[in-house]
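> here are the coordinates; sequence isn't available:
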């Protein structure tokens, strides 16, 4: 819930646009619970070499309570190069159709402290007020939790109640790193994928009558070592103040093929069973932030 170097958790809130909302930080010791487990070499869960490419198959379900429309789509995410943003060198990820939202470029900085998101093109008015911000923090610990965003009175950039004024919005986002578990996607099964969940809440202040409406975006993502994002599941609730009927959107993307590290190709399960490419494969996959908390959350 899109977009990080396919290490994004992209949170796409229909009227608002894309957010890569994925952040992890240390969680203090809680009484009665064991100390967190430290994930070694966390950067290997977020491969960002130029030329890396991930092909995802997606499903989207959209509608109100009584009207649901289902569709499938494909998204190809590729590391295309580097650019300079705010005086720093960032890595560029191009998505052909993340979350069935069309093409986007997203910008990330990875260093010893983690990964920071520097926005996207095309972006939104709201996103411009939030970037840059941290989406992943090293070291990665299981379990851990982080309050990513807590911003109030921002310009939404949209006039939802049609009174000629853009609404104000409060944004609150958190990310939880749950643990490692097996995940199966078209390219294969990975036994030790890192599972994260991103939650974003938006409180929109309608200018016409001074009332408030709420929206949310929840995204769960799975990352694999040396592979990246293998799967994300996103659920969005979009308020409609004109009709009073909330709109729900559910999006899933799963890895079906990847070309990584200078040409190493991971094939779909159908092809792998024929050629034996994934025999004994135990790598753990990762998610692009995002761009789809992207997290995504």
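Great, that's in hand. From a predicted model like this one, the values you see are computed outputs, not experimental measurements.

> The residue located most distally from the centre of the chain: what's it in contact with?
What lies farthest from the middle of the chain is residue 209; by Cα atoms, centre = their mean that is 33.8 Å. Each residue near residue 209 by Cβ atoms under 8 Å, 6 or more residues apart in numbering is listed here: residue 161. Where C-beta positions appear, they are placed from N, C-alpha and C, glycine not excepted.

> what about it, which SS state?
Three-state call for residue 209 (DSSP: H, G, I helix; E, B strand; the rest coil): coil.

> Okay, it and residue 152: tell me how far apart.
20 Å (Cβ to Cβ, to the nearest Å).

> For residue 249, give the beta-bridge partners.
residue 62, residue 236 (DSSP bridges).

> quick one: it and residue 68 touch, right?
No. With contacts defined as Cβ atoms under 8 Å, residue 249 does not count as touching residue 68, sitting 10.3 Å away.

> The two - which one has more neighbours?
Comparing residue 249 with residue 68 by other Cβ atoms under 10 Å, the one with more neighbours is residue 249, at 19 against 11.

> buried residues in the helix or strand where residue 171 lies?
Using DSSP states H and E, residue 171 falls within strand 168-185. Going by neighbour count (16 or more other Cβ atoms under 10 Å), the buried part of strand 168-185 is 168-177, 180, 183, 185.

> closest to residue 38 among the residues you listed?
Relative to residue 38, the closest of the buried residues of strand 168-185 is residue 177; by Cβ to Cβ it sits at 11.4 Å.

> how close does that closest one get to residue 202?
Taking Cβ to Cβ, one finds residue 177 at 23 Å from residue 202.

> what residues does stretch 59-76 touch?
So stretch 59-76 is in contact with 53-58, 95-100, 245-253, going by Cβ under 8 Å, 6+ apart.

> Now intersect the residues you listed with the strands, please.
53-58, 95, 247-253 (DSSP state E).

> Can you give the distance from stretch 158-168 to the centre of its chain?
27 Å (Cα atoms, centre = their mean, to the nearest Å).

> and that stretch, average pLDDT?
Across stretch 158-168, the average pLDDT comes to 90.

> Return the set of buried residues in it.
Those would be 158, 160, 161, 167, 168, for stretch 158-168 by 16+ other Cβ under 10 Å.

> cool, and stretch 87-103?
Applying a neighbour-count criterion of 16+ other Cβ under 10 Å, one finds 90, 91, 92, 93, 94, 95, 97, 98, 99, 100, 101 buried in stretch 87-103.

> Switch those residues over to TSV; also include distance to residue 37 and pLDDT.
Output for the buried residues of stretch 87-103, formatted as TSV (distance: Cβ to Cβ, whole Å; pLDDT from 0 to 100):
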residue	distance to residue 37	pLDDT
90	30	97
91	28	96
92	33	97
93	29	96
94	34	97
95	31	96
97	36	95
98	30	90
99	31	88
100	35	90
101	35	88
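
> Verify the stated contact: residue 253 with residue 58.
Yes. Residue 253 lies in contact with residue 58 (Cβ under 8 Å); the separation is 4.3 Å.

> rewinding a little: ok, which pair from the buried residues of stretch 87-103 is furthest apart?
90 and 100 (25.4 Å).

> Run through the protein and note the low-pLDDT ranges.
Across the chain, the ranges flagged by pLDDT under 70 are 1-34, 64-67, 262, 268-297.

> one step back: which strands or helices does the strand holding residue 171 pack on?
helix 125-130, strand 140-142, strand 144-155, strand 188-205, strand 212-224, strand 228-238, strand 247-260 (3 or more Cβ pairs under 8 Å, 6 or more residues apart in numbering; DSSP states H and E).

> With distance to residue 40 as new columns, can those be given to me in a markdown table?
As requested, those are exported to a markdown table (distance: least, Cβ to Cβ, whole Å):
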| stretch | distance to residue 40 |
| --- | --- |
| helix 125-130 | 31 |
| strand 140-142 | 9 |
| strand 144-155 | 15 |
| strand 188-205 | 12 |
| strand 212-224 | 14 |
| strand 228-238 | 17 |
| strand 247-260 | 20 |
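
> chain center to stretch 122-131, what's the gap?
Worked out by Cα atoms, centre = their mean, stretch 122-131 lies 16 Å from the chain centre.

> what about that stretch, start to end distance?
Between the opening and closing residues of stretch 122-131 lies a distance of 14 Å (Cα to Cα, to the nearest Å).

> thinking again about what came up before, take the buried residues of stretch 87-103 and write them to TSV, including distance to residue 238.
Shown next, in TSV, are the buried residues of stretch 87-103 (distance: Cβ to Cβ, whole Å):
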residue	distance to residue 238
90	30
91	31
92	29
93	25
94	26
95	21
97	20
98	18
99	13
100	15
101	14
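
> coming back round to it: in JSON lines, list the buried residues of strand 168-185 along with distance to residue 62.
What follows is the buried residues of strand 168-185, written out as JSON lines (distance: Cβ to Cβ, whole Å):
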{"residue": "168", "distance to residue 62": "26"}
{"residue": "169", "distance to residue 62": "22"}
{"residue": "170", "distance to residue 62": "25"}
{"residue": "171", "distance to residue 62": "23"}
{"residue": "172", "distance to residue 62": "24"}
{"residue": "173", "distance to residue 62": "22"}
{"residue": "174", "distance to residue 62": "25"}
{"residue": "175", "distance to residue 62": "25"}
{"residue": "176", "distance to residue 62": "26"}
{"residue": "177", "distance to residue 62": "29"}
{"residue": "180", "distance to residue 62": "32"}
{"residue": "183", "distance to residue 62": "25"}
{"residue": "185", "distance to residue 62": "22"}
